[in-house]
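Student: Here is my input, please return the structure:
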Amino acid sequence: MLTLKKWIPIVAGCLVVFLVGCSNDDANEEEKNNSEEESSESSEEPEPENIVSLIEQLTFDSNVESTEEGLDFNFHITNEADEPIILGFNSSQKYEIVLENADGEEVYKYSNEQAFSQQLTTEELDPGDKLEANETLEEELPAGEYDATMSFLVTSINDQPLETKPFEITDSVTVGSGESGQEADAEEEAEGEEQVREEIEAAANGEEIFRELTLTGENGQYNISGEAKVDGGEFFYSVDDGHNVYIEEETAQVDDPNAEWSPFELDITVNEEDLPENGALIMTMFDRDGEGQPINMNFVPLDNFES
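Tutor: Numbers count the residues shown, from 1 in each chain. Next up, the predicted model:
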C-alpha cells in the first residue's frame, strides 16, 4: 500500500503537466487572436478617392482658330488640386481631334495619320501643371462652317477607372469667307469711297454750293472733283489738320463761270515729309460774302494718319 509520501511526487508531476498544458493553450489562443487581428488589418484597403471630386479638380479648356496656315487646335487639362494627379491612358495616344463639315461628314481625324503603341501610359500633373495638345491642320478646306471635337482619352485618374468622357468638347469654326481676296479688297475699297462721300456730304455748312464730290489719292497727293455753284466762277480752299496749315488759302476756278452749276477739278499736293503723324488732313472749301467773310464752308477729309 502506497504511503502518503510516495503519492506526493506523483501528484506534483501531474500538476506540472497540467499547468504546462494550460500555458500552451493560452499562448496558442493569444497567437491565434493576434494573427486574426493582423489578417483583418492587412485585408482593410484604403478608401478609394471620389472620382467626381478628382474630375472637379481638373479644368479643360479648348480653342480652334482658322489662320492663314490652316486650322489651329489647342486644348489642355490643368491640375487645380493641391496634390499631384495621375492620368491614365490605354495606349500612347493621349488625345483625339475630329473635324466635321456642316453636313456632319468627317473631313479629318487626327489618329488616322498617326501610329500608337498599345500599352498603358500615364501622365503625372503636379499642382498647376498642364497636359497640352497643339495641332495644325494645313490641308486646304472648302469655305464653310465646321465642328471640331477635341478630347483627352483619359481612362483613369489616380488609378480610379473613368467611365465617362469629361474631357471632350466641340467648338465651331468658320473657314474662309466665301469670296476671293480680290473681291474682298474691291468691296473694302468701295465701302471706303462711300464713307468718304458720306463724310463730305455731312460736312457741308450753310447753303449747298458743292455737289457730286469725288476724292482720290493718298500720302500727300490728292485729286478732288465735283460741281460748284458760285458767283464769279471761283471759290476758295485751304488744307490743315486742325493744328497746322499745310496749304494757305488759294483760289479755285470752275470750268464754266456762267453756268449755275459748273464742274471743277483740283490737284492737291502736300509734301510727304510735312504730313502729320497722327490725325486727319482736312481741305476746307468755301465762298465769301459781300464783306469778304467765309460762308458756305465744306470740310473734306483728305486723309487719316496713325503712327
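
Student: Hmm, residue 282 is touching residue 239, no?
Tutor: Yes: judged on Cβ atoms under 8 Å, residue 282 makes contact with residue 239 at a distance of 7.0 Å. (C-beta placed from N, C-alpha, C; glycine too.)

Student: the more surrounded of the two?
Tutor: Between residue 282 and residue 239, counted using other Cβ atoms under 10 Å, the more crowded position is residue 239 (21 against 17).

Student: what about the nearest residue to the more buried one once chain neighbours are set aside, distance to residue 76?
Tutor: Nearest residue to residue 239, sequence neighbours excluded (Cβ to Cβ, 6 or more residues apart in numbering): residue 247, at 3.9 Å. The gap separating residue 247 from residue 76 is 58 Å, by Cβ to Cβ, to the nearest Å.

Student: now residue 297
Tutor: Applying Cβ to Cβ to residue 297 and residue 76 gives a distance of 60 Å.

Student: So for those two, which residue has more residues nearby?
Tutor: Higher neighbour count among residue 297 and residue 76: residue 76, with 19 against 16, using other Cβ under 10 Å.

Student: got the buried residues for stretch 64-73?
Tutor: For stretch 64-73, burial by neighbour count (16 or more other Cβ atoms under 10 Å) applies to 64, 66, 70, 71, 73.

Student: Kindly check the end-to-end length of that stretch for me.
Tutor: Using Cα to Cα, to the nearest Å, one end of stretch 64-73 lies 5 Å from the other.

Student: All the strands of the stretch 1-150 of the chain, residue numbers only.
Tutor: 58-66, 71-79, 85-89, 95-101, 106-109, 121-125, 130-137, 144-152 (DSSP state E, counting those that start in this stretch).

Student: pretty sure the residue nearest to residue 239 contacts residue 241?
Tutor: No: with contacts counted by Cβ under 8 Å, residue 247 stays clear of residue 241, the gap being 11.2 Å.

Student: Tell me which of these two has more neighbours.
Tutor: The neighbour comparison of residue 247 against residue 241 (other Cβ under 10 Å) goes to residue 241, with 18 against 15.

Student: how much space between that one and residue 270?
Tutor: 10 Å.

Student: joint contacts of the two?
Tutor: Contact with both residue 241 and residue 270 is made by residues residue 281, according to Cβ atoms under 8 Å, 6 or more residues apart in numbering.

Student: Figure out which of the strands of the stretch 1-150 of the chain is closest to residue 209.
Tutor: Among the strands of the stretch 1-150 of the chain, strand 58-66 comes nearest to residue 209, with 50.2 Å by Cβ to Cβ.

Student: now the angle between strand 130-137 and that closest one, please.
Tutor: For strand 58-66 against strand 130-137, the angle by axes from the mean of the first three to the mean of the last three Cα atoms, to 10 degrees is 20 degrees.

Student: What strands line up against the helix or strand residue 226 falls within, and which way round?
Tutor: According to DSSP states H and E, residue 226 maps onto strand 221-228. With DSSP bridges as the test, strand 221-228 is paired with strand 210-218 (antiparallel), strand 262-269 (antiparallel).

Student: so which of those gets nearest residue 118?
Tutor: Using Cβ to Cβ, the strands paired with strand 221-228 put strand 210-218 closest to residue 118, at 63.3 Å.

Student: Might you calculate how far the closest one sits from the centre of the chain?
Tutor: Remark: strand 210-218 is offset 41 Å from the chain centroid, using Cα atoms, centre = their mean, to the nearest Å.

Student: which ones are touching residue 302?
Tutor: 215, 217, 222, 224, 239, 268, 280, 281, 282, 283.

Student: Turn the residues you listed into JSON lines, including distance to residue 260 and pLDDT.
Tutor: Below are these laid out as JSON lines (distance: Cβ to Cβ, whole Å; pLDDT from 0 to 100):
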{"residue": "215", "distance to residue 260": "23", "pLDDT": "92"}
{"residue": "217", "distance to residue 260": "28", "pLDDT": "92"}
{"residue": "222", "distance to residue 260": "27", "pLDDT": "94"}
{"residue": "224", "distance to residue 260": "20", "pLDDT": "94"}
{"residue": "239", "distance to residue 260": "27", "pLDDT": "94"}
{"residue": "268", "distance to residue 260": "25", "pLDDT": "93"}
{"residue": "280", "distance to residue 260": "32", "pLDDT": "87"}
{"residue": "281", "distance to residue 260": "31", "pLDDT": "90"}
{"residue": "282", "distance to residue 260": "28", "pLDDT": "91"}
{"residue": "283", "distance to residue 260": "23", "pLDDT": "92"}
